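Asks: Everything below, folded, please.
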Amino acid sequence: MQLTIENAEKVLKKYLYQDKNKMEHSIRVAKISKILAEKHHGLVDEAIIAALLHDIGKSMVKSKMLELCAIKGVILYDFEIFESLEALHGKAGAILFEREFNRELQPEKFDRIKHAISSHVAGADGLMSDLDKIIYIADNIEPEKIKRNESTTNNNLLSKTEELVKADMDECIKIIIEDKKQRAQAKGRIYNPMLDNMLLDDR
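Replies: This is a model prediction of the structure:
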């Protein structure tokens, strides 16, 4: 299948048709990603496609995410395996994406979008691309998601959404990660240590 927004919408419906909330979240993330891509001179269609498909891995039960990633030889971390299998949904989603689209038609575009889907949960080894950052930010400042998270921190991302859309992307990522740390601490949860890699070298 060719990488188009229309085809991405079809794949989104294929995997998340039973979960209206996740589908609507993905559509809202795509709208924010479009704004960010236009602001930061990104490839708008790639941002929209990656955003639409970033959560298709959540169509799988958690044990199946782990099984699929293991079969495909994906690098896994202790936190993902022992603390939060849901953190694997980006990597699992990238594998589903690979099944649906033909890499040979547009290999560079394919690889960029796949990487953005895979790394949207907690970044990836190596520097993040602008597309990776756009999807990560858009996913985390999507207003309805912030409301569901019921942030109790001083950062209060919901009140800062408009400001964050206009901000430097690296600074925005720092604010988001700090909010995640504070929420984890406030709720007595284990913080995903892989997020700290996103802050290295001022990423």
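
Asks: Can you give me the distance of Lys181 to Asp78?
Replies: Distance from Lys181 to Asp78, counting by C-beta to C-beta, to the nearest Å: 18 Å. All C-beta spots, glycine's among them, are computed from the backbone N, C-alpha and C.

Asks: So those two - more neighbours on which side?
Replies: For the pair Lys181 and Asp78, the greater number of neighbours falls to Lys181 (16 against 9), based on other C-beta atoms under 10 Å.

Asks: Is the more buried one in contact with Tyr191, as I believe?
Replies: Yes: between Lys181 and Tyr191 there is a contact under C-beta atoms under 8 Å: 5.5 Å.

Asks: So for the lengthiest helix in the chain, what gets flagged as buried?
Replies: Counting residues, the longest helix found in the chain (DSSP state H) is helix 20-39. Using 16 or more other C-beta atoms under 10 Å as the test for burial, helix 20-39 gives Lys22, Met23, His25, Ser26, Arg28, Val29, Ala30, Ile32, Ser33, Lys34, Leu36, Ala37.

Asks: I would like the residues contacting that helix, please.
Replies: Here helix 20-39 makes contact (C-beta atoms under 8 Å, 6 or more residues apart in numbering) with 12-13, 16-17, 42-44, 46-48, 50-55, 58, 131, 134-135, 137-139, 141-145, 165-166, 169.

Asks: give me that answer again for 6 Å
Replies: 12, 16, 44, 47-48, 51-52, 55, 58, 134, 138-139, 142 (C-beta atoms under 6 Å, 6 or more residues apart in numbering).

Asks: Rounded mean pLDDT for whatever helix or strand Lys10 lives in, please.
Replies: Assigned by DSSP states H and E, Lys10 falls within helix 5-16. Computed over helix 5-16, the mean pLDDT rounds to 97.

Asks: With that, I have no additional questions.
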